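Chemist: Please work out how this folds:
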Amino acid sequence: MTIRFGFNPRLAVALALVAAPALAHHSFAIYNNEVTKVFTGVVTRVNPDANHLQVFFAPMNADRTNVERGPDGKPIIWAVEMAGSAQAATDGISVASFPPGTIFSVGMHPLRSGENAGAREGGLFSCPAKTPPAAGQHCDSVQGGKPHGAGKLADAKN
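Modeler: Next up is the predicted model:
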């Protein structure tokens, strides 16, 4: 019995379609690198995914007295995606170190789709417990604010 291997265009297309989502997962093209948003917010939860740790948070208002809310009165939730959980842990970012209620500041490149999420850009700073920054400021300006990872807080740019 002889088995012949040849080019099968249907098989090639099928394999390409299966491989595309895996390649897209690691593409940063979904983020708008021309825009950097800087938020100070309150952690609602942390997703410690092995590939990309995510911190979900409610951004604080400019006065730093409350979180921003939608028309329904519920907090607006954003997510910032970072390196994998192991790498984030070396920066001091984990489920244990960022429990709900933690106030922190981060810069990110938002999703091109307009959804409330983005990829971390620059340093990340946490404020001391229950100590928000002054109006219009971020956790890097608070005495006792703690840096997580190398670098300063990103500058906002549109």
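
Chemist: if I pick the most centrally placed residue in the chain, what's in contact with it?
Modeler: Centroid-nearest residue in the chain: Val80, 1.4 Å away (criterion: C-alpha atoms, centre = their mean). For Val80, the contacting residues are 39, 54-55, 57, 106, 108, 117-120, by C-beta atoms under 8 Å, 6 or more residues apart in numbering. C-beta: built from backbone N, CA, C; applies to glycine.

Chemist: looking at it, Gly84 is touching Leu53, isn't it?
Modeler: Yes: assessed by C-beta atoms under 8 Å, Gly84 is found in contact with Leu53 at 6.5 Å.

Chemist: Which residue of these two possesses the greater neighbour count?
Modeler: Leu53 (25 against 13; other C-beta atoms under 10 Å).

Chemist: May I have the residues that are in contact with the more buried one?
Modeler: Neighbouring residues of Leu53 by C-beta under 8 Å, 6+ apart: 46-47, 81-85, 88, 93-94.

Chemist: ditto for Ala129
Modeler: Neighbours of Ala129 in contact, by C-beta under 8 Å, 6+ apart: Thr102.

Chemist: quick revisit: among the contacts of Leu53, which lie within helices?
Modeler: Mapping those onto helices (DSSP state H) picks out 85, 88.

Chemist: Max pairwise distance over the contacts of Leu53: which two?
Modeler: Using C-beta to C-beta, the contacts of Leu53 reach their maximum pairwise distance at Glu81 and Ser94, which is 15.2 Å.

Chemist: These two - which one has more neighbours?
Modeler: Glu81 (20 against 17).

Chemist: Please report the distance of that one from Gln137.
Modeler: Distance, Glu81 to Gln137, by C-beta to C-beta, to the nearest Å: 25 Å.

Chemist: So which of the contacts of Val80 are in strands?
Modeler: Among these, the residues falling in strands (DSSP state E) are 39, 54-55, 57, 106, 108, 117-120.

Chemist: which one of the residues you listed is nearest Asp72?
Modeler: So of the ones in strands among the contacts of Val80, ranked by how close each gets to Asp72 (C-beta to C-beta), first place is Phe57, at 18.2 Å.

Chemist: so how far is His148 from that closest one?
Modeler: Distance from Phe57 to His148, counting by C-beta to C-beta: 14 Å.

Chemist: Between those two, point out the one with more neighbours.
Modeler: Legend: neighbour count by other C-beta under 10 Å for Phe57 and His148, higher for Phe57 (28 against 21).

Chemist: Let's test this: name the helix or strand in this structure with the lowest mean pLDDT.
Modeler: Among the helices and strands of the chain, helix 9-25 carries the lowest confidence by mean pLDDT, DSSP states H and E, at a mean of 43.

Chemist: That'll do, ta.
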